[in-house]
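*Asks:* Let's see this in three dimensions:
(3 chains)
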Amino acid sequence: MNGSRLHHLLSITDLDRTQAEQILETARAFLAVTRRPVRKVPTLRGKTIVNLFYEASTRTRTSFELAGKRLSADVINVSTQASSTKKGETLRDTVATLDAMHADVIVVRHAASGAPHFVARHARGAVVNAGDGMHEHPTQALLDAFTIQQHKGTDLSRLRIAICGDILHSRVARSNALLLRMLGAEVCFAGPRTMLPLDEAALGGTCYDRIETAIEGCDVVMMLRIQRERLGTALFPTTREYAREFGLNAARLAKAKPDAIVMHPGPMNRGVEISEEVADGAHSVVLNQVESGVAIRMAVLYMCASEPGTPLAS
Amino acid sequence: MNGSRLHHLLSITDLDRTQAEQILETARAFLAVTRRPVRKVPTLRGKTIVNLFYEASTRTRTSFELAGKRLSADVINVSTQASSTKKGETLRDTVATLDAMHADVIVVRHAASGAPHFVARHARGAVVNAGDGMHEHPTQALLDAFTIQQHKGTDLSRLRIAICGDILHSRVARSNALLLRMLGAEVCFAGPRTMLPLDEAALGGTCYDRIETAIEGCDVVMMLRIQRERLGTALFPTTREYAREFGLNAARLAKAKPDAIVMHPGPMNRGVEISEEVADGAHSVVLNQVESGVAIRMAVLYMCASEPGTPLAS
Amino acid sequence: MNGSRLHHLLSITDLDRTQAEQILETARAFLAVTRRPVRKVPTLRGKTIVNLFYEASTRTRTSFELAGKRLSADVINVSTQASSTKKGETLRDTVATLDAMHADVIVVRHAASGAPHFVARHARGAVVNAGDGMHEHPTQALLDAFTIQQHKGTDLSRLRIAICGDILHSRVARSNALLLRMLGAEVCFAGPRTMLPLDEAALGGTCYDRIETAIEGCDVVMMLRIQRERLGTALFPTTREYAREFGLNAARLAKAKPDAIVMHPGPMNRGVEISEEVADGAHSVVLNQVESGVAIRMAVLYMCASEPGTPLAS
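*Replies:* Below you'll find the model as predicted:
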């Protein structure tokens, strides 16, 4: 395939179904590249990718860095610690600076919802959202859909998917809800009432305050990472109680279909939202998600930054 | 052009006019490279460049890192946080270590004036000063001269340039004063009396304690970044008063020539030494300076590290 | 030579003599590469090397990073500061994640003895120990043996080598003792009684509590870095007393053979375990050790990660 192009990837709502499917299809080819002995193609040689991370994240930064390097791009890491923000530079001036250096793609993670949209307004190059506040994390949703396809086939329309945890504050839940419904799946949600949205319609799926109800008969159980700093507050009393009420263990998983898969965006709080047994069990596809992540990010970077007509791999 | 060679770049005073003009000419070729779809040449393949930064600086480190990578060199970042200095290693042993690893170029930023000269005495490879204390920042001066040339033509001899701010403590002011006068420009200075040198002759240009007088009729207004930690001390009372007395705003800029350009090394303190309106206005060439920076650093690295006879780009 | 393969390098005890000699022989070829104008070979193109450092170390991290890049591998740095361990992720999950991203080699430094063995149990790729607690630092021992060979010839069987300092807590001492004896050298040790092992047999060489006795007539004096935090405790009274009793100075060095060489793994505490005069003197091969380090790490990475039959350099 000679890629269709993507200007930015800021939000799942920017994509139509054809584009989403094209990213997933492109990722299939790149997954094969990452599994070869020589995990590298010259596709983005001479392109510049900047990882602009205002929140620490080994796994997402590493995944994007590897994706860029395996496409032969030059990758530059800029993290808050070392950055000019210490000197009080605004996000806008930082972006304008990177843009003036001819960054072809700026991959941005930021605690403020909407920051990547702001970045996109001030950059000529492409912008990829690597997680913004409680808003979206579109490459996570894409890699999750890709992982589901690997296990359940490309047609998601007959699948029932339960997303469980702190739905209200999770950018992963939001991006997944949008994408999985676009691809035809039925999505439902479970979490403590204080962590569910007031307006169920916004998510496009039923919300349950008991995890067992959501899991019942489903094909995919997607557990969310609980922010430990939210526990012991008005939102939820204690870690132990969270594990007891909303943690995924073998007994609860037994309510799902026998061939259900278990997902988690990582890093996992073992013993809190997911038991050791389930995390490492036969249903877990957590490490497939990690592998898929590099392939999806290669696909997104390729579609954002390659010259028209560049073959995907050679 | 097959480059003439540069042993080190420690100070503008190391350069004669021919060498300075050669760097500027070489940078023109590399500027074209950075604007191509494939922003990369194999010129320094197999060479090792170490960015040794004892002061944090996103923009300068990123600019050198990109310059090295676009020349196909291997670039290693060593910053104070992660460095052996925590274990009490001396600068001399750190340099000897990098040298023993066959670093072809060490790019050094350090809070102590003269540190790069010290480094050069203990390294076989080339050393480039990326800013040392209150002494010099030669690649900044070169990129500034390069930017002026882009807007005013290569002959700077009829230009009047005003450098404004904390002249006394600024390595940017010092390097620019030396280089711009060498290239034939008339340079003058403005700043609070506490931030002007006692000996005007040292800078080779008139010093004014009113910014309006310096700007009057000039072709280039170069604003310096004010170190906020210097405000509220004996040097200057408050940020607000600094902005009122020495900040560049539209009214003051109107005293310059109608086609004057406004420069700033960044990061800008918007609303302090430069108003929002001027920073983003039609006269501002701040982002051209950033773009020029990568090209100048490519030129300097090329002239320091390429094998004799290596073509500049291919 | 087409390399024999190495699965992991966790400990010197994993190697037999043939393998150790093969690493040393391979390093000779790579030493030549690092001294060429073009210090790079395509040997590991498309391979991924992750430097996973839980302890800061400029010199070791830089040495591995350069070794990887000069073999044309993609190198990713993951350090504790930026890592998911802040979010409470276990070492096991971090390793599983890097493994799922198809890291071909994980180079790990960790404060816990045995951490690299743990990593190796959870990774499909190769694992290289870059220093684990008080246990081992095998590439340091290999580069030390390689440096000795450069000065004394490849046959170490007639050499007497004194290792001096905090023997008990030093991973460098342990790895060197194991390797140098395997290669046929006679090794002895000297240090304060509180810093010597109770069981001399474990090290395979005589322990002395006076440095002069150990040095007498030896071919190689290897000084260890003293951890300053250990001084002023029950282990040893003061820095000054340590220098007086156990520091290597010219007078003590005179007891060794006239052509003896002096080694130190760096960074040196000048004036503590080694005098300025000796550190920079004609007998010192400290910088040769640094140069050897890159060559040894290239050899180890090559033997761990290259496809069978890949020529060493081209």
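
*Asks:* and A:Ala185, what does it touch?
*Replies:* Residues near A:Ala185 by Cβ atoms under 8 Å, 6 or more residues apart in numbering or on different chains: A:Ile148, A:Leu156, A:Ser157, A:Leu159, A:Arg160, A:Ile161. Bear in mind the C-beta positions are built from the backbone N, C-alpha and C, glycine included.

*Asks:* no, scratch that, I was asking about A:Asp166
*Replies:* A:Ala173, A:Gly191, A:Pro192, A:Met195, A:Leu224, A:Ile226, A:Gln227, A:Arg230, A:Leu235.

*Asks:* isn't there a helix covering A:Gly204?
*Replies:* No. Counting by DSSP: H, G, I helix; E, B strand; the rest coil, A:Gly204 falls outside a helix, being coil.

*Asks:* Can you pull the phi/psi pair for the nearest residue to it once chain neighbours are set aside?
*Replies:* With sequence-adjacent residues excluded and distances taken as Cβ to Cβ, 6 or more residues apart in numbering or on different chains, A:Gly204 is closest to A:Arg181, at 5.1 Å. For A:Arg181, the backbone dihedrals (degrees, to the nearest 10) come out as phi -70, psi -40.

*Asks:* Also A:Arg158?
*Replies:* Torsion angles at A:Arg158 (phi, psi; degrees, to the nearest 10) stand at phi -100, psi 10.

*Asks:* can you check A:Leu196 too?
*Replies:* Per degrees, to the nearest 10, the backbone of A:Leu196 is at phi -110, psi 150.

*Asks:* and the residue found closest to it once you drop the neighbours it is linked to in the chain, how many neighbours does it have?
*Replies:* Distance criterion Cβ to Cβ, 6+ apart; nearest residue to A:Leu196, sequence neighbours excluded, is A:Cys207 at 4.8 Å. Using other Cβ atoms under 10 Å in any protein chain shown, A:Cys207 has 20 neighbouring residues.

*Asks:* repeat for A:Val38
*Replies:* Residues within reach of A:Val38, counting by other Cβ under 10 Å, total 12.

*Asks:* is it true that A:Val41 touches A:Ser72?
*Replies:* Yes. Assessed by Cβ atoms under 8 Å, A:Val41 is found in contact with A:Ser72 at 6.7 Å.

*Asks:* and the residue of chain A nearest chain B?
*Replies:* For chain A and chain B, the shortest gap (Cβ to the nearest Cβ) falls at A:Gly46, measuring 3.2 Å.

*Asks:* returning to what we had before: A:Ile167 versus the residue nearest to A:Leu196, what's the distance?
*Replies:* 7 Å (Cβ to Cβ, to the nearest Å).

*Asks:* Residues that sit against both of the two, list them.
*Replies:* A:Phe189, A:Ala190, A:Gly191, A:Leu196, A:Pro197.

*Asks:* Compare A:Val41 and A:Ser72 and say which is more crowded by neighbours.
*Replies:* More crowded of A:Val41 and A:Ser72, by other Cβ under 10 Å: A:Val41, with 21 against 17.

*Asks:* Apart from its neighbours in sequence, what residue is nearest A:Glu186?
*Replies:* Per Cβ to Cβ, 6+ apart, closest to A:Glu186 is A:Arg160, 4.8 Å.

*Asks:* where do the strands sit along chain A?
*Replies:* A:48-53, A:74-79, A:105-110, A:126-132, A:160-164, A:186-190, A:207-208, A:220-223, A:261-263 (DSSP state E).

*Asks:* For A:Cys304, grab the count of nearby residues.
*Replies:* 24.

*Asks:* Need the nearest residue in space to it, chain neighbours excluded.
*Replies:* Leaving aside its sequence neighbours, A:Cys304 sits nearest to A:Ala126 (Cβ to Cβ, 6+ apart; 3.7 Å).

*Asks:* One more: A:Ile76?
*Replies:* Spatial nearest neighbour of A:Ile76, chain neighbours left out: A:Val50 (4.9 Å); criterion: Cβ to Cβ, 6+ apart.

*Asks:* Equivalent analysis for A:Thr239, please.
*Replies:* A:Leu231 (5.1 Å).

*Asks:* Against chain C, how distant is that neighbour?
*Replies:* For A:Leu231, the distance to chain C equals 12 Å [Cβ to the nearest Cβ, to the nearest Å].

*Asks:* what sits against that residue?
*Replies:* So A:Leu231 contacts A:Pro237, A:Thr238, A:Thr239, A:Tyr242 (Cβ under 8 Å, 6+ apart).

*Asks:* Report the beta-bridge partners for it.
*Replies:* Assessed by DSSP bridges, A:Leu231 has beta-bridge partners A:Phe236.

*Asks:* Then A:Val50?
*Replies:* A:Ile76, A:Ile106.

*Asks:* and it, how many residues sit next to it?
*Replies:* A:Val50: 26 surrounding residues under other Cβ under 10 Å.

*Asks:* show me what contacts it?
*Replies:* So A:Val50 contacts A:Val75, A:Ile76, A:Asn77, A:Val78, A:Leu98, A:Ala103, A:Val105, A:Ile106, A:Val107, B:Thr62 (Cβ under 8 Å, 6+ apart).

*Asks:* Going through the residues you listed, which ones are buried?
*Replies:* With neighbours counted by 16 or more other Cβ atoms under 10 Å in any protein chain shown, these contain buried members at A:Val75, A:Ile76, A:Asn77, A:Val78, A:Leu98, A:Ala103, A:Val105, A:Ile106, A:Val107, B:Thr62.

*Asks:* From A:Gly205, how far off is A:Phe236?
*Replies:* For A:Phe236 relative to A:Gly205 (Cβ to Cβ), the value is 22 Å.

*Asks:* now swap in A:Met134 and tell me
*Replies:* 18 Å.

*Asks:* Of those two, give the one with the bigger neighbour count.
*Replies:* A:Gly205 (22 against 15).

*Asks:* Do I have it right that that one meets A:Ala190?
*Replies:* No. The pair A:Gly205 / A:Ala190 is not scored as a contact, 10.4 Å apart, by Cβ under 8 Å.

*Asks:* Nearest residue to A:Ala214 in space, ignoring adjacent ones along the chain?
*Replies:* Leaving aside its chain neighbours, A:Ala214 sits nearest to A:Ala190 (3.6 Å; criterion: Cβ to Cβ, 6+ apart).

*Asks:* neighbours around the one you found, how many?
*Replies:* Neighbour count for A:Ala190, taken as other Cβ under 10 Å: 24.
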